[in-house]
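S.K.: Give me a 3D structure for the following:
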Amino acid sequence: MTVLGVDDTDSRERGMCTTYLAAELADRLRERASVERLLLVRLNPAVEHKTRGNAALAVHTDADPETAFEIAREEIARVAETDDPRTNPGLVVAPGDPEEVPETVADFARRAVRDHLAVEDAERAIETAGYRSAGWKMGRGRIGALAAVGAWSAFGGQSAVGGDSDGIAADWTYECISYRDPERVGTPREVDAESVFDAANAAYPAAWDTVDRETGELVCVPHTPGPILHGIRGDDPETVREVAETIESEPVTRRALFVTNQGTDAHLRDADLADAEDGRAYRVEGTVAETPETRRGGHVFFSLRDGEETLRCAAFEPTKRFRDRVRNLRPGDRITACGEVSEGTLKLEKFAVRELDRTELVTPDCPDCGRSMKSAGAGQGYRCRDCKTTADGKVEREVDRALELGWYEVPPEARRHVAKPLVRGGFDAPTHPEK
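M.R.: Modelled structure (predicted):
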């Protein structure tokens, strides 16, 4: 076996897509050898130097390493958007079974999903492993390329689905990506929305995040320039293929099935509030310390407290109706919050309500006439002026809460690629999925 890793060939402005390159590579390799799988690995979404999804790709093939390297180098030189100053492609080719890479390479892959790594880190690991590699311009793509090489071993391969590897869930999902005619790239995509919704409804929940049923958004159809027509994600390879084939659209020139860590929460680590650092994603617990506040732009903020430590949390405007869930939180509620920390603020992806404060202090009512009492003066409690009854202070009253115990999440159109949809299950409390 040979494992071929590539990364950083696309551009935010010019389009292209590294998945397209991987599909091209697989087609060329199949002319000489077999291809066992294509692997799409979402790395740390908080890394500065990335396009939107921060994906790295691997091709597992029985082609010899020399052939794989030459074909990959030719394809990268041909299609990578190297005119973009932010695009710095990288290529790594590793001989041997993808489950048997050195532990240093597997550990590199784990860290790439949750931490920040430098090109120098990748170069040292590549040299130690004795792999062949190439870089264009700054060669930053070698970080993702090496992570893609090590990912199958790092996350346990198919045999460890549902298990655990160094605290990272060993979980694989699938995406079937359909590609456009190259001559159509840059023009509006022609996809029949009704057929997408029909296919999405028929396949749900095995296929998820295909549409947003609340807003009518076709989540599977990208808005950015590039060769992808649509991408269908789910737990089962046959299901995502069937959904992709059912959708009515402009001509599809190629389809490719990817095994991926999308929808797995692989980027999250458990931590205390005091340990949360910028540029990483966490699962933290605490008590809501203040009433959530909606600020200019529609962003909602509140503070989470645990002992003496506090952490600001935010639901930003693009999360849409999720913000109403956050607004319904009250001081005293105990929650688990998940998301990336940036500039000292945890950007919420989901949260779980663990305990709800179901009472509030109110002015007491008169036990005789039922009317609200009035203040008797500073520190003197309350009294009813008509009935002459008194009360020492405010009293507790139960309140109805718009939230229930369990997990809440952002809607499909706002979900990060790597974030786990609640409908996939496996959570530690009841779930309230967004469809």
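S.K.: Quick check: which ranges of this protein have low pLDDT?
M.R.: 11-16, 48-53, 82, 85, 158-170 (pLDDT under 70).
S.K.: Quickly list the domain ranges of it.
M.R.: As assigned by automatic domain parsing, the chain contains the domains 2-170, 173-260, 268-358+400-432, 359-398.
S.K.: Buried deepest among those domains, which one?
M.R.: domain 2-170 (a mean of 20; mean count of other CB atoms under 10 Å). Backbone N, C-alpha and C define where each C-beta goes, glycine included.
S.K.: gap between that domain and the chain center?
M.R.: Its chain's average C-alpha position is 19 Å from that of domain 2-170, according to CA atoms, centre = their mean, to the nearest Å.
S.K.: same deal with stretch 247-261?
M.R.: On CA atoms, centre = their mean, the centre of stretch 247-261 falls 21 Å from that of its chain.
S.K.: Repeat that for stretch 365-376.
M.R.: That offset, for stretch 365-376, works out to 53 Å (CA atoms, centre = their mean).
S.K.: same check, this time on stretch 362-375
M.R.: Worked out by CA atoms, centre = their mean, stretch 362-375 lies 51 Å from the chain centre.
S.K.: Do me a favour and get the end-to-end distance for it?
M.R.: 12 Å (CA to CA, to the nearest Å).
S.K.: from here on, count from 18
M.R.: Renumbered: residue one is now 18, and that last one reads stretch 379-392.
S.K.: what's it in contact with?
M.R.: With CB atoms under 8 Å, 6 or more residues apart in numbering as the test, stretch 379-392 has contacts from 398-404, 406-408, 411-414.
S.K.: Ok, stretch 279-288 next?
M.R.: By CB under 8 Å, 6+ apart, the list of residues contacting stretch 279-288 reads 57, 59, 61-62, 130-131, 172, 184-186, 188-190, 192, 225-226, 250, 297-301, 355, 357, 434-438, 441.
S.K.: Can you flag which of these belong to strands?
M.R.: Counting by DSSP state E, the contacts of stretch 279-288 place 57, 59, 185-186, 190, 192, 225, 250, 297-301, 355, 357 in strands.
S.K.: out of those residues, what pair is the most spread apart?
M.R.: E192 and V301 (29.1 Å; CB to CB).
S.K.: residue ranges for the helices of the protein, please.
M.R.: 35-47, 82-96, 120-131, 136-146, 158-171, 210-220, 254-263, 339-344 (DSSP state H).
S.K.: contacting residues for the residue lying closest to G349 once chain neighbours are set aside?
M.R.: Sequence neighbours aside, D374 is the residue nearest to G349 in space, at 3.3 Å (criterion: CB to CB, 6 or more residues apart in numbering). If you count contacts by CB under 8 Å, 6+ apart, D374 has them with 347-350.
S.K.: which of those residues lies closest to V238?
M.R.: The closest of these, once distances to V238 are taken by CB to CB, is D350, at 37.0 Å.
S.K.: Who are the contact partners of the closest one?
M.R.: Taking CB under 8 Å, 6+ apart as the test, what D350 contacts is 304-305, 370, 372-374, 420.
S.K.: For D229, give its distance to T336.
M.R.: Distance, D229 to T336, by CB to CB, to the nearest Å: 12 Å.
S.K.: Please apply the same query to T448.
M.R.: Applying CB to CB to T448 and T336 gives a distance of 17 Å.
S.K.: so what's R371 closest to, chain neighbours aside?
M.R.: R351 (4.3 Å).
S.K.: now do A261
M.R.: C193 (4.4 Å).
S.K.: Starting from D25, give me the distance back to the one you found.
M.R.: Taking CB to CB, one finds C193 at 24 Å from D25.
S.K.: again with F318
M.R.: 34 Å.
S.K.: Likewise for D417?
M.R.: Taking CB to CB, one finds D417 at 51 Å from D25.
S.K.: quick one: the strands in the stretch 318-452 of the chain?
M.R.: Taking DSSP state E, counting those that start in this stretch, the strands of the stretch 318-452 of the chain run over residues 326-332, 351-359, 362-372, 376-379, 391-392, 399-400, 407-408, 412-415, 423-426, 448-449.
S.K.: could those be laid out in JSON lines, adding distance to E117?
M.R.: Converted to JSON lines, these look like this (distance: least, CB to CB, whole Å):
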{"stretch": "strand 326-332", "distance to E117": "41"}
{"stretch": "strand 351-359", "distance to E117": "33"}
{"stretch": "strand 362-372", "distance to E117": "34"}
{"stretch": "strand 376-379", "distance to E117": "58"}
{"stretch": "strand 391-392", "distance to E117": "76"}
{"stretch": "strand 399-400", "distance to E117": "75"}
{"stretch": "strand 407-408", "distance to E117": "74"}
{"stretch": "strand 412-415", "distance to E117": "60"}
{"stretch": "strand 423-426", "distance to E117": "37"}
{"stretch": "strand 448-449", "distance to E117": "37"}
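S.K.: Done for today, thanks.
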